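Peer 1: What follows is a predicted protein model with its sequence.
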Amino acid sequence: MKAQTRIHHSDSLTRAHALSVRHYFGEEVQAIERRSVFGRTWQMVAHIGQLTEPGDHVVEDVAGTPVLILRGRDGVLRAFPNVCRHRAGPLALGSGKDMHTVRCKYHGWLYNQEGQLIGAPEMQDAQDFRMEDIRLPPLRIREWQGLVFVTLNDDAPAFDEVFGGIVERIKPIDLEAMRFTRRDVFEVACNWKVYIDNFLEGYHVPIVHPALSKVIDYREYLVDLFDWYSLQHSPIRDGTGAYGDGHAYYYFVFPNIMLNCVPGRLQSNRILPLGPDRCRVEFDYYYAEDAEAQARIATDQEFSDEVQMQDVSICEAVQKGLASGFYEAGRLSPKRESGVWHFHELLRAAYAHDVAGSHAR
């Protein structure tokens, strides 16, 4: 897998301001982000445990588009818009098993697992209607380290360009060997970017997370930047038993995926906008199947819940501060907030692309 190019801190970072407050509000900004941020990137939609057998399927929403992911009889994973070619009915109403053909839940049009139309009730009188000309448009899909990703846009970067280098960096941690254990979901009263801004810096850890500050070595808490992701990493000095020994790696993959990797555990986070001032935060926990990792699950959950509640509280307070009318974009710490700067630069590029595309239309 191709590694990404590491980005070195630049003069732009030493002069950086945070993203303008106007980007944290309004339906117009949300529409731009749906098109040019979420609609042009790889989105995490499932874990492989949901799609092990032929006929297993998952229904998800990607940038406002309903999507169907299906494991075929040939073992191949495929993804399609969950939209019938007849009159936009749903092909599946939810995730499940045993989908050996795909039947629209509105008028019963039938497709095979490759997306080809094979049945259209009562269409025999339609002139020039040929079932062989009708098929579901395939979406790009990728299985990686037990996780499944989809993108809506053919112009999205190649998957290996986005995720390249992660697996090699975190060795001997083996993500593929970990098994899904549970999902925690929070709805947070803040813009989705507020939550990600908070994740992307350890600057707040000594103040907001005193227990976490005792687990990671803040003096050695470093940030590396790459084309499509940033990495925060630190040695673990764990006296709680929640993290074990070794190194903690906190990956953020643009625009909304977080991979928290510590020995014996992966926590994947997906941040989804629910509105300009509300988001959904999904935490999926995966553990190695060795006895040591399994023994830490209960302790880890209690510790993680404490950290998450602290993050929720501060993010909701920040959203109120952004809405106060008394905030203008502040300066960023080159040492501690380079990940925030990197995220904001990728957003600025996406916003500019949307403007350019609007002018071209």
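Peer 2: Nice, I can see it.

Peer 1: So for residue 4, what's the pLDDT?
Peer 2: For residue 4, the model assigns a pLDDT of 66.

Peer 1: Over to the one 10 residues further on?
Peer 2: pLDDT, residue 14: 92.

Peer 1: ok, now how distant is it from residue 334?
Peer 2: 5 Å (Cβ to Cβ, to the nearest Å). C-beta here means a position set from N, CA and C on the backbone, and glycine is covered the same way.

Peer 1: Compare neighbour counts for these two and give me the winner.
Peer 2: For the pair residue 14 and residue 334, the greater number of neighbours falls to residue 334 (15 against 11), based on other Cβ atoms under 10 Å.

Peer 1: ok, now how distant is the more buried one from residue 13?
Peer 2: Where residue 13 is concerned, residue 334 sits at a distance of 5 Å (Cβ to Cβ).

Peer 1: Neighbours of the residue lying closest to residue 140 once chain neighbours are set aside, how many?
Peer 2: Distances taken as Cβ to Cβ, 6 or more residues apart in numbering put residue 151 closest to residue 140, at 5.0 Å, once the chain neighbours are dropped. Residue 151 has 23 neighbouring residues, counting by other Cβ under 10 Å.

Peer 1: Repeat that for residue 15.
Peer 2: Residues near residue 15, counting by other Cβ under 10 Å, number 10.

Peer 1: Spatially nearest residue to residue 315 (excluding sequence neighbours)?
Peer 2: Leaving aside its sequence neighbours, residue 315 sits nearest to residue 190 (Cβ to Cβ, 6+ apart; 4.5 Å).

Peer 1: Now do the contacts for the one you found.
Peer 2: Contacts here follow Cβ atoms under 8 Å, 6 or more residues apart in numbering; on that basis residue 190 touches 277, 278, 279, 315, 316, 318, 319.

Peer 1: so of these, which ones are in helices?
Peer 2: 315, 316, 318, 319 (DSSP state H).

Peer 1: May I see the residues you listed organised as JSON lines, with pLDDT and distance to residue 247 added?
Peer 2: JSON lines is the format used below for the ones in helices among the contacts of residue 190 (pLDDT from 0 to 100; distance: Cβ to Cβ, whole Å):
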{"residue": "315", "pLDDT": "98", "distance to residue 247": "26"}
{"residue": "316", "pLDDT": "98", "distance to residue 247": "31"}
{"residue": "318", "pLDDT": "98", "distance to residue 247": "29"}
{"residue": "319", "pLDDT": "98", "distance to residue 247": "33"}
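
Peer 1: Please identify the one among the residues you listed that lies nearest to residue 178.
Peer 2: Out of the ones in helices among the contacts of residue 190, the one with the shortest distance to residue 178 is residue 315. That distance is 27.4 Å, counting by Cβ to Cβ.

Peer 1: who's in contact with the closest one?
Peer 2: For residue 315, the set of contacting residues under the criterion of Cβ under 8 Å, 6+ apart consists of 188, 190, 194, 195, 198.

Peer 1: re the thing from before, surely the residue nearest to residue 140 touches residue 162?
Peer 2: No - using Cβ atoms under 8 Å, residue 151 is not in contact with residue 162, being 9.5 Å away.

Peer 1: and for these two, which residues touch both?
Peer 2: Taking Cβ under 8 Å, 6+ apart as the contact rule, the neighbours common to residue 151 and residue 162 are 41, 42.

Peer 1: give me the element the residue of the chain most remote from its centre is part of.
Peer 2: Most distant from the centre of the chain: residue 125, at 46.0 Å, with distances by Cα atoms, centre = their mean. No secondary structure element spans residue 125, as it lies outside all helices and strands (assigned by DSSP states H and E).

Peer 1: What's the separation between it and residue 154?
Peer 2: Using Cβ to Cβ, one gets 36 Å for the distance from residue 125 to residue 154.

Peer 1: what about the helices in the stretch 201-350 of the chain?
Peer 2: With helices called from DSSP state H, counting those that start in this stretch, the stretch 201-350 of the chain shows them at 205-208, 210-213, 291-295, 297-322, 338-360.

Peer 1: And the first one, what does it pack against?
Peer 2: Secondary structure elements in contact with helix 205-208, counted by 3 or more Cβ pairs under 8 Å, 6 or more residues apart in numbering; DSSP states H and E, are helix 210-213, helix 297-322.

Peer 1: Show me the one of those that comes nearest residue 355.
Peer 2: Minimum separation from residue 355 across the helices and strands packed on helix 205-208 (Cβ to Cβ) falls at helix 297-322, 22.7 Å.

Peer 1: okay, now the domains of this structure?
Peer 2: The chain breaks down into these structural domains: 6-41+172-353, 43-144 (assignment by automatic domain parsing).

Peer 1: out of those domains, which comes closest to residue 166?
Peer 2: Each of these was scored for nearness to residue 166 using Cβ to Cβ, and the closest is domain 6-41+172-353 (6.2 Å).

Peer 1: Could you single out the nearest of the contacts of residue 190 to residue 76?
Peer 2: residue 279 (33.2 Å).
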